[in-house]
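Student: Could you work out the structure for the sequence below:
(chains A, B and C)
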Amino acid sequence: MSDIKLELDKRKTKLEKKMQNIMAGYYIDAKMARQNNKKVAWITSGGPVEPLLAMDVIAVYPENHGAMIGASKMGVDLCEKAEAMGYSSDLCSYARADIACCTVNGGPIGGLPEPDMLVCCNNICGSVMKWYEVQARHFKVPLFIYDTPVCHTDYTPEMKRYVEAQTREYFQFLEHETGRKMDIDRLKEIGKNSVEGAQLWQETLDTTMSRPSPMTAFDAFFHLALIVTLRGTPQTLEYYRELRDLMKERSQAGIGAVPKETYRLLWDNLPIWHRMKWLSDKFAEHGACLVADTYTSAWCGIKRELNRDDVIASAAEGYTYSYLNLGTDKMAELVLTMVDKYQVDGIVMHSNRSCRPYSFGQYDLQKIVEREKGIPSLMIEADMVDDRSFSESQVATRIEAFIEMLRQRKGA
Amino acid sequence: MKHLEEFRQVVNQSFGYARQLKKDSGKKIVGYVCSYTPEEVILAAGAHPLRILGTKETIHLADSHLQSYCCSLVRGILEEGLSGRVDFLDGMVFPHTCDSVQRLSDIWRMNIPFGFHLDLILPVKLDTLSAQHYMVDVLQKFRTDLGRALQVDITDEALKKAIRTTNAIRQSIRAIYELRSRNPRLMTGTDLYTLVRASMIMDRDRLNILLAETVAELKVKADREKEDTSLKRIILAGGICNHPDIYPMIENAGGAVVWDDFCTGARYFTELIDEGAEPIARIAGRLINRVVCPAKHIDLDGRARHIIRLVKEKNARGVIFLLLKFCDPHAFDYPDIKKSMDEAGIPVMLLEIDDPIPAEGQLKTRFEAFLEML
Amino acid sequence: MYTIGIDIGSVTAKGALMSDGALVSSQVCFTGYNTAATARSIYEGLLEKEGLKETSIEGIVATGYGRNSVPFADRTVTEIMCHAAGAYHLNPAVRAVIDIGGQDSKAIVLSDGGRVANFVMNDKCAAGTGRFLEVMARALEVDLDQFGTLSLQADQPAKISNLCAVFAESEVVSLIAKGEKRENIIAGIHAAIGSRVMAMTGRLGMWGVTTLMMTGGVAKNTGVVKALEKVWGNPIHVSPHAQLTGAIGAARLARVAGSPE
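Tutor: Numbering: from 1, shown residues only, chains lettered A, B, ... in the order given. Just a heads-up that it's a prediction; the model follows:
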């Protein structure tokens, strides 16, 4: 048993190293783009990246950069710089950190490579549009907005026409910017890989259905990087196949991510990047395993019957009918499904000052989950990058009290 | 001003007024939250549009649904719903505006038992042909949805009539703004606020008559009175302004607000609707061409250019930005607009406001200091 | 069998000595800078008062913000559990607890056996906490202990609408400048706290609960209790031992110290 564990742990470390190497290589490529006569596009995390890959444009994700800034605890410094530039401290901290980073080329990787174009999809929030407008003025480069109307209750025929038209406009935009013709067959191939990547990612996340869970949401936050930044590439598929197999073996061998897994929890909202280790330890200390989260599963795509042969229609619907672009009650339905699927005892909600579409509605979500599943939830007030709004002692007390309560409820 | 008292009463008792109007006229009352709501479609359905603009009461019920980092406008609207103070509404319309209004719509739909609920998911970008087509599409859908909710057939004829009404209203308010811009002594800023706020509440036919008479009255007054050139002419900019108290503070410090760029002000009445066939397409045209809200995208520097143009056109000496706390679209725009203002040599003051506004003493000092600087 | 509960709050530290589930003796003092020393002196004070030796104490539980700096405690339990246990001890009919502490306020729902069924705490700002009251008392130059009595003399509570302690302070200052009666301002402050705390409580969806108890030092302020009752619509129970609730709960839980229940 311990031999297996040792071997699997070794493979896990190796895989984490691999991820870091892939990401480092990716950023080096992006920084060398000019020398290699390649174009760089900045794109939002939920945006349609496949057409960029089909056109050999390097896609760079300021949000992933924001997460790195947060994880390396450089957020406060950059946020303060943005505030000195006149940006309100109430604005999204990814945006603040990124905007400030452009003026100083600071941050963990010395700033992102300058963009030749910006692609903004507002299926995650409206802030990205304002943020990309700022960057379009700063870099004086063209901005393409992929406008995905909110599906409060449905994806309507009007929306379908609009987003499909935009998908074609997006191709034209890229053809204009790159001077090349869009290769639809290549795009289909990449789209297929993207879908497969999302499936592999889902299968990886689903290994946590077993008890004890072979991985935690904190692992998922780490391994997510590729599905965000390099989805649709063969390298990504290979990586996630390896990861899924490793997690499957861990679960078959009964190796849990958390020693003595007693409580299974679900995380809601973005990670608190600057307190990953601290939080991970805090929960593990009490035998609590965050077995799933609503954030990393957003890249699995929502299961709808899509005609994969019709690239334009399926891209339009896939990118519009996505988690944060739905009504709060639809999001709650998905959370309820996850509660059952991963058999969770409680939900930990990050009330994230930076993210209004994710956070507003959480109070209602809490009540729905309690009412429908009798499951309690814990609210943690924080910010994904700006740790000035984080109080360790307050959060520690809440986590401890929550665990004490779960223990009592389990005992009752 | 002859009709000022009536406007005042309407503003002070807005919900009482709407309840009474419903009782007297039998009209259905449809609430809305954003100036991109096509009032014309509501009017054409024989209903009465009522803009809900935050609350004057203490917010506590909404705190069980929205975190403290949500703006007071959105929390206030929800408070009015949860408290039942607007339970006379036959329905509520939520145009897609910003992230906070997006969730407000969900929370309203899930928690408010009275009235129908309609989302109007307008395009966020306005500068492409497909967005313009979608604008028409989605307004057609709104016409159908609203007609179904109110059980009426919204005809082209009714839409055309509604367009004539709102055009006349917009023309009158614009005329009043212009008269007052030439001579700010014609009426106080608070009175102008009252008149504009009343126009989002009152029966639009009655409003039309009162506004036309007010224009005539002010024209006579303008011919008689001499212009006061000593005033420091100011433009206010920002999202909403629901704070009539700030006008006397500026006026007492020797300033005069001669124009604004508010959702609750000039952005509402700029741009008329072409009268003619296919009224929905024409309503869409106005929503595309009107002065833009920062929650929408039409270009990269249009808002800065618009405000600079206003300063020149209205011969103003400075701009005061009122930034509602937690209003992301405006907060994102501000630094670059400020940069453009600096380059154009226009003095700017930023005032972050919450509901309620900061203590009077503190505000007065800031206004005075800014006006002294000009 | 003697047990001790020690509750180190952000402002005051409390100790409760219990014998077979009955309160025998208690201590209250300011927390101060050296929490370990404060805890020690409370502990020794309790022993001394009853003439007990350390060996006669069978369990000690520490709670509150300083719970981790009580080296002689057998274990620590959060104040949420302790307030629930304490309130249930003081009145077994209680099904919900509101505690307004120095830097935190919380609402707790209890199950029939007195266990914690759910809880919420304030978000990160000071509105609706004891700190908020302190800031306001300073602005008004009134002793905080007089707040309750004074607010009951108000004829028309002033409207305090700002959530932020800093802004609310300037709002209070401008009310003073306008000549608003002190009593009315205080009543207004209490109303603001009342609605804020009840809004938080509303997130628990505990409107079916009939017996609600307020615990903690702020419960001594009748003005706040009245304001909460006004929003709640029912009487709220306040024990004479309100301030000791956390310590009592800790002492109760110490009976089973060593084993997690």
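Student: Strands of chain B, start to end?
Tutor: B:29-32, B:48-51, B:91-95, B:116-120, B:232-238, B:255-261, B:318-324, B:348-353 (DSSP state E).
Student: since we're on residue 216, how many residues are nearby?
Tutor: Looking at chain A here, since you left the chain open. If you count neighbours by other C-beta atoms under 10 Å in any protein chain shown, A:Thr216 ends up with 25. Any C-beta I mention is one placed from the backbone N, CA and C, and that applies to glycine too.
Student: look at chain C instead
Tutor: Neighbour number of C:Gly216 under other C-beta under 10 Å is 28.
Student: sorry, back to before: tell me which of the strands of chain B lies nearest to C:Val11.
Tutor: Shortest distance between C:Val11 and these, using C-beta to C-beta, is found for strand B:348-353: 31.4 Å.
Student: who does the closest one pair up with?
Tutor: Using DSSP bridges, strand B:348-353 pairs in its sheet with strand B:318-324 (parallel).
Student: pLDDT averaged over the partner strand, what's the number?
Tutor: Averaged across strand B:318-324, pLDDT comes to 95.
Student: now that strand and strand B:255-261, what's the angle there?
Tutor: Strand B:318-324 runs at 60 degrees relative to strand B:255-261, counting by axes from the mean of the first three to the mean of the last three C-alpha atoms, to 10 degrees.
Student: what sits up against stretch B:78-86?
Tutor: Stretch B:78-86 is contacted from outside by B:15, B:31, B:52, B:55, B:57, B:59-62, B:65-66, B:92, B:104, B:107-108, B:111-112, using C-beta atoms under 8 Å, 6 or more residues apart in numbering or on different chains.
Student: Just these: which are in helices?
Tutor: Among those, the ones falling in helices (DSSP state H) are B:Phe15, B:Leu104, B:Ile107, B:Trp108, B:Asn111.
Student: Please identify which pair of those residues lies farthest apart.
Tutor: Spatial extent of the ones in helices among the contacts of stretch B:78-86 (C-beta to C-beta) is set by the pair B:Phe15 and B:Ile107 at 20.4 Å.
Student: Neighbour count for these two, which is higher?
Tutor: B:Ile107 (23 against 17).
Student: Which residue ranges of chain C form helices?
Tutor: Secondary structure of chain C (DSSP H): helices at C:35-50, C:79-90, C:130-140, C:147-151, C:165-177, C:182-202, C:222-232, C:245-254.
Student: Indicate which one of the ones you listed is closest to chain A.
Tutor: Judged by C-beta to the nearest C-beta, the one of these that comes nearest to chain A is helix C:79-90, at 3.7 Å.
Student: That closest one close to chain A?
Tutor: Yes - remark: helix C:79-90 sits within contact range of chain A at C:Glu79, C:Ile80, C:Met81, by C-beta under 8 Å from any C-beta of the partner chain.
Student: Using PyMOL, define a selection of the buried residues within the contacts of stretch B:78-86.
Tutor: This is how PyMOL selects the buried members of the contacts of stretch B:78-86, with burial counted by 16 or more other C-beta atoms under 10 Å in any protein chain shown:
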select buried, chain B and resi 15+31+52+55+59+60+61+62+65+66+92+104+107+108+111+112
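Student: ok, back up a step: I'd like the residues of helix C:79-90 next to chain A as a markdown table, with neighbour count appended.
Tutor: Formatted as a markdown table, the residues of helix C:79-90 next to chain A follow (neighbours: other C-beta atoms under 10 Å in any protein chain shown):
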| residue | neighbour count |
| --- | --- |
| C:Glu79 | 30 |
| C:Ile80 | 28 |
| C:Met81 | 27 |
